[in-house]
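>>> what follows is a protein structure lacking sequence information:
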């Protein structure tokens, strides 16, 4: 098992708005479907007529239920609920961002328990301070996808010392060779 400690420091309010609106619309559709099924069952069992019969025995003179207007009111109340609930979710995202600025964010520890993850020696995601990670065969590679997201997600990680040589870094080797050739030319000119 590989343990990863992640810090949630920022929630994007625009993504919360989109996700919350679609999720609340889906909940509204499910609620309307359930209400339709309940009405269908109640109508088939003549429950409304039985309730009106009991109400007439008690003393009520007017009893009835119109499904059309009731369904329209239910849809309007559901749409109002979608708007209010989405606004509350966006407000909570802003509130989380403000509190995370003060406290440093929400720390979550995740465990990767996929078969063989520990046997393969998988390491946690690295931050931009050390964007390279070990791969099989001792090669080093730059993981740009993890670098961009890890800087926002992971908490402070102490930077590791680089053990790579000049041969592993061709840019460094060429700069050093250029400096040596220039110093050699200046020595010849003297």
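Here it is on my side, so go on. Everything numeric here is computed off the predicted structure, so don't read it as measured data.
>>> show me what the longest helix along the chain is packed up against.
Under DSSP state H, the helix in the chain containing the largest number of residues is helix 67-103. Counting contacts by 3 or more Cβ pairs under 8 Å, 6 or more residues apart in numbering; DSSP states H and E, helix 67-103 packs against helix 13-44. Using the backbone N, CA and C atoms, a C-beta is placed for each residue, glycine as well.
>>> relative to helix 13-44, how tilted is the helix or strand following the helix it packs on?
Next along the chain after helix 13-44, taking DSSP states H and E as the criterion, comes helix 47-58. Relative orientation of helix 47-58 and helix 13-44, computed by axes from the mean of the first three to the mean of the last three Cα atoms, to 10 degrees: 70 degrees.
>>> what residues does helix 47-58 touch?
With contacts defined as Cβ atoms under 8 Å, 6 or more residues apart in numbering, helix 47-58 is touched by 42, 63, 64, 65.
>>> what mean pLDDT does it have?
If you average the pLDDT over helix 47-58, you get 83.
>>> how about it: buried residues?
residue 52 (16 or more other Cβ atoms under 10 Å).
>>> next one: stretch 94-102
For stretch 94-102, burial by neighbour count (16+ other Cβ under 10 Å) applies to 96, 100.
>>> what's the neighbour count on residue 20?
Neighbourhood size, residue 20 [other Cβ atoms under 10 Å]: 20.
>>> that one contacts residue 89, doesn't it?
Yes - at 3.9 Å, residue 20 and residue 89 qualify as touching, with contact defined as Cβ atoms under 8 Å.
>>> return the residues in contact with the closest residue to residue 78 other than its chain neighbours.
In this structure, residue 78 finds its nearest non-sequential neighbour in residue 28, 4.3 Å apart by Cβ to Cβ, 6 or more residues apart in numbering. The contact partners of residue 28, by Cβ under 8 Å, 6+ apart, come to 78, 79, 81, 82.
>>> which one of those residues is nearest residue 33?
Residue 33 has its nearest neighbour among the contacts of residue 28 in residue 78, at 11.4 Å by Cβ to Cβ.
>>> measure how buried the closest one is and give me the count.
Residues near residue 78, counting by other Cβ under 10 Å, number 17.
>>> same thing with residue 93?
Neighbours around residue 93, by other Cβ under 10 Å: 20.
>>> before we move on, what about residue 11?
If you count neighbours by other Cβ under 10 Å, residue 11 ends up with 17.
>>> low-confidence ranges in the protein?
116-190 (pLDDT under 70).
>>> hang on, the earlier thing: identify the farthest-apart pair in the contacts of helix 47-58.
Comparing every pair within the contacts of helix 47-58 by Cβ to Cβ identifies 42 and 63 as the most remote, at 14.6 Å.
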